[in-house]
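>>> Sequence and predicted structure are below.
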Amino acid sequence: MEAGAAPRWVETTTREFPKKLPMQFDSKQTSYYYYALVVYLLKVENAKVVTVTGTPGIGKSVFYAYFLERYSYENEDITIITASFAKTERSSTKDQVVVFKKGKAVAVVKDVQSAMDALILETVDEAGDKLLYLCDGPPDQIPRAAQMVCFTSPSERWFDTLRKWPACPKLFMPLWDLDELQTAAEVLNFHSDTTDTQGPESIGDLIEQRYRIFGGVARECLSTDENVAKARQKEMERFIDQFPNEDNMGSLFNIAEAKVVQHGIGHYVPSSEDPAI
């Protein structure tokens, strides 16, 4: 490698998940989106905060893990503070902070707020302007000392916070298409309770069947536990049963957007021209 040249990232279909990365929810799927766009917003547009959001279950937290690994590899001089947040209706609370240098976890603190805050302050002092925050879940505040990338399901409280600051774009991640889901199932050697004793054709059929029910939401479509998928389907059916006939279905769209999406009936779909819309 030439002196001063940036390390070259080598893409692969699957990657080992960074086990020490703090997560809002445990994540078991793999999907990567929007890396180049987020980096452009940080480095060229000088965005203060970039929020990556979209329909729950499409892989935002896994993109968080991918972003950490790749950004660390390509920016070895940057210290990264990662944090996960437990979200309530009115607030967010840090539950773990991990500091990464050159892709390695160098400090870990969890649960004790004062200790997590102390670690953040110490890291900010040491890193200076060579610092980036990555958050899984909406944070409790916007950092003043550095840029941040936030990976979260839609949160009106967080979006209201962003409106008070300039240069805080939101990016909506797309749903998966059927071909992507079937390819992921093949690459990940997918199996569930219903496919263990059947051939690969049944796997593709099962993914397509789930796609027709859940849309391009990877969490349900790629779940290896059939009971999880069935329970989610029943939850959606109970929600739909609140509307006994087609005439009443119009009232579905008068219900709060978050509630409709939460039940899997509605999805966030970004504009093909601008993923911030």
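Okay, I see it.
>>> Leu181 reaches Gly215, doesn't it?
No - between Leu181 and Gly215 there is no contact under C-beta atoms under 8 Å: 10.2 Å. All C-beta atoms are positioned from the backbone trio N, CA, C, and that covers glycine.
>>> more crowded one of those two?
Leu181 (24 against 21; other C-beta atoms under 10 Å).
>>> Ile132: what's it in contact with?
Let me fix one detail, which is that residue 132 is Leu and not Ile. 42, 71, 75, 78-81, 146-149 (C-beta atoms under 8 Å, 6 or more residues apart in numbering).
>>> nope, Lys110 is what I was after
Going by C-beta under 8 Å, 6+ apart, Lys110 touches 22, 95-97, 116.
>>> Likewise for Lys43?
Contacts of Lys43 (C-beta under 8 Å, 6+ apart): none.
>>> Same question for Ile81.
Counting by C-beta under 8 Å, 6+ apart, Ile81 makes contact with 97-99, 120, 123-124, 131-134, 146.
>>> try 7 Å
Residues in contact with Ile81 (C-beta atoms under 7 Å, 6 or more residues apart in numbering) are 97, 99, 120, 123, 131, 133.
>>> Could you verify my assumption that the fourth one touches Ile78?
It stands for Thr123. No - under the criterion of C-beta atoms under 7 Å, Thr123 makes no contact with Ile78, lying 11.7 Å away.
>>> Would you report the backbone torsion angles of Asn189?
phi 50, psi 50 (degrees, to the nearest 10).
>>> For it, the count of nearby residues, please.
9.
>>> on that earlier part again, who's more crowded, Thr123 and Ile78?
Counted by other C-beta under 10 Å, Thr123 and Ile78 do not tie: Thr123 has more neighbours, with 21 against 17.
>>> sec struct for the more buried one, please.
helix (DSSP: H, G, I helix; E, B strand; the rest coil).
>>> Name the nearest residue to it, ignoring sequence neighbours.
Val99 (5.2 Å; C-beta to C-beta, 6 or more residues apart in numbering).
>>> In contact with the one you found, which residues?
Going by C-beta under 7 Å, 6+ apart, Val99 touches 79, 81, 106-107, 119, 123.
>>> if we go to 8 Å?
So Val99 contacts 79-82, 105-108, 119, 123 (C-beta under 8 Å, 6+ apart).
>>> Repeat that for His267.
55, 175, 215-217, 261.
>>> Apart from its chain neighbours, what residue comes closest to it?
Thr55 (4.6 Å).
>>> Just flag the most distant two among the contacts of Val99.
Maximum pairwise distance in the contacts of Val99, criterion C-beta to C-beta, is 14.3 Å, between Thr79 and Val108.
>>> With neighbour numbers in mind, choose between these two.
The neighbour comparison of Thr79 against Val108 (other C-beta under 10 Å) goes to Thr79, with 20 against 14.
>>> Pairing partners for the more buried one in the sheet, please.
Lys101, Leu131 (DSSP bridges).
>>> Report the set of residues contacting both of Thr123 and Ile78.
Leu131.
>>> quick one: the helices in this structure?
Secondary structure of the chain (DSSP state H): helices at 35-43, 60-74, 113-127, 156-163, 178-187, 200-214, 218-221, 226-240, 246-249, 257-262.
>>> Dump those helices to CSV, plus distance to Ala86 and mean pLDDT.
CSV is the format used below for the helices of the chain (distance: least, C-beta to C-beta, whole Å; pLDDT from 0 to 100):
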stretch, distance to Ala86, mean pLDDT
helix 35-43, 24, 93
helix 60-74, 14, 93
helix 113-127, 12, 96
helix 156-163, 13, 91
helix 178-187, 29, 91
helix 200-214, 26, 88
helix 218-221, 19, 94
helix 226-240, 22, 90
helix 246-249, 35, 62
helix 257-262, 17, 66
